[in-house]
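Asker: Let me see the structure of the following:
(one chain, ligands or ions: 1)
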Amino acid sequence: MRESEGEGRRGMVPRGVLPLARQGRLVRRMDDGVRRVSPSVERNRDPILAVLRGWLGASGLVLEVASGTGEHVVHFARHLPDHVFQPSDPDPGARASIDAWVAEAAVPNVRPAIALDASAEHWPVDATHSPADAVLCINMIHISPWAATVGLVRGAARVLAPGGRLLLYGPYVRSGVETAASNLAFDASLRARDPAWGIRDLEAVASLARDAGFAAPDIVEMPANNLALSFRYRTASR
Ligand SMILES: C[S@@+](CC[C@H](N)C(=O)[O-])C[C@H]1O[C@@H](n2cnc3c(N)ncnc32)[C@H](O)[C@@H]1O
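Answerer: Presented below is the predicted three-dimensional model:
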């Protein structure tokens, strides 16, 4: 059975970690009450890091949308020290968790988290945040309304430098490819929690991206029936 990304393995709560149900998934809170823990991060962070190494240049600015607990950005920053990471999340508790993980890890190449709602027409980014070399978004598209995906793609086109990349990770439905039973069950569970959520059709996301000036995606199949996608920004349609 799919151990759904962003879902976590229910019932396994190590000592010193408190469960915290939010956004339809299980995250845990360290007993400092601020840092959050997502069990899926430990499983997917190295496979994602491996694709980032292939897609990111030698250095640059990476804007992460929907950083969640902050565990990913700390891991990537440790292993990609020549990149500067700008985490973000609309949830104040998530931003506190991100900043706490960054402080604890003492990684110098992560900036304080900013409040960014992907669906907003204007993102709170200025000359210090853009042009970005990459916009990274892990496991948000299916756990948010479609407007968040529309905003993500359009916002990425606004902040990316030409040649920059929009990098997505998560489960997708693909035409001509049988959807794994575990992903069908995950999709049903998402929609039961919120009818506006659900696993997206890859072609619908690629079509949005095309309209916003991105090339067709490079696609890497990832563990647990997830995909990593890289859309290269190629026009100046802002
Ligand atoms: C399942 S979590 C994934 C977090 C993290 N990327 C990870 O993989 O552990 C979904 C995240 O999306 C964020 N989110 C939901 N709607 C959003 C939106 N409209 N714009 C930006 N982030 C959003 C939530 O606050 C949450 O942190």
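Asker: ok, which stretches of the protein are helices?
Answerer: Per DSSP state H, the chain carries helices over the ranges 39-55, 71-79, 92-105, 146-159, 181-193, 202-211.
Asker: Tell me what Tyr169 is bridged to.
Answerer: Residues in a beta bridge with Tyr169, per DSSP bridges, are Ile138, Ala228.
Asker: can you tell me which residues contact it?
Answerer: The contact partners of Tyr169, by C-beta atoms under 8 Å, 6 or more residues apart in numbering, come to Asn44, Ile48, Val51, Cys137, Ile138, Asn139, Met222, Asn226, Leu227, Ala228, Leu229. Any C-beta I mention is one placed from the backbone N, CA and C, and that applies to glycine too.
Asker: Dump the helices of the chain to CSV, plus mean pLDDT.
Answerer: As requested, these are arranged in CSV below (pLDDT from 0 to 100):
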stretch, mean pLDDT
helix 39-55, 97
helix 71-79, 98
helix 92-105, 97
helix 146-159, 97
helix 181-193, 96
helix 202-211, 98
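Asker: so which of these comes closest to the ligand?
Answerer: helix 146-159 (3.6 Å; C-beta to the nearest ligand atom).
Asker: quick one: buried residues of that closest one?
Answerer: 146, 148-159 (16 or more other C-beta atoms under 10 Å).
Asker: Next: stretch 135-146.
Answerer: Buried, per 16+ other C-beta under 10 Å, within stretch 135-146: Val135, Leu136, Cys137, Ile138, Asn139, Met140, Ile141, His142, Ile143, Ser144, Trp146.
Asker: For the first one, give me its contacts.
Answerer: Contact partners of Val135, counting by C-beta under 8 Å, 6+ apart, are 62-65, 152, 155-156, 159-160, 164-167.
Asker: With Val125 instead?
Answerer: By C-beta under 8 Å, 6+ apart, the contact list for Val125 reads Leu63, Ile114, Leu116, Val159.
Asker: now with 10 Å?
Answerer: Leu63, Gln86, Ser88, Ile114, Leu116, Pro131, Ala132, Gly155, Arg158, Val159 (C-beta atoms under 10 Å, 6 or more residues apart in numbering).
Asker: Can you report how many residues neighbour the third one?
Answerer: Right, the one you point to is Ser88. Residues near Ser88, counting by other C-beta atoms under 10 Å, number 27.
Asker: surely it meets Asp99?
Answerer: No - with contact defined as C-beta atoms under 10 Å, Ser88 does not reach Asp99; the gap is 11.5 Å.
Asker: any common contacting residues for those two?
Answerer: Listed as contacting both Ser88 and Asp99 by C-beta under 10 Å, 6+ apart are Arg111, Pro112, Ala113.
Asker: Please work out how many residues are found near the residue of the chain found nearest the ligand.
Answerer: Nearest residue of the chain to the ligand, counting by C-beta to the nearest ligand atom: Gly68, 2.4 Å away. Applying other C-beta under 10 Å, we find 27 residues neighbouring Gly68.
Asker: Report the contact partners of Asn109.
Answerer: Asn109 neighbours (C-beta under 10 Å, 6+ apart): 59, 62, 73, 76-78, 80-85, 102.
Asker: Among those residues, which one has the most neighbours?
Answerer: Neighbour max across those (other C-beta under 10 Å) = Val73, 28 neighbours.
Asker: The residue lying closest to it once chain neighbours are set aside and Ala228, how far apart?
Answerer: Counting by C-beta to C-beta, 6 or more residues apart in numbering, Pro87 is the residue found nearest to Val73 once chain neighbours are left out, at 4.5 Å. Distance, Pro87 to Ala228, by C-beta to C-beta, to the nearest Å: 19 Å.
Asker: and if you look at Arg158?
Answerer: Arg158 is 23 Å from Ala228, by C-beta to C-beta.
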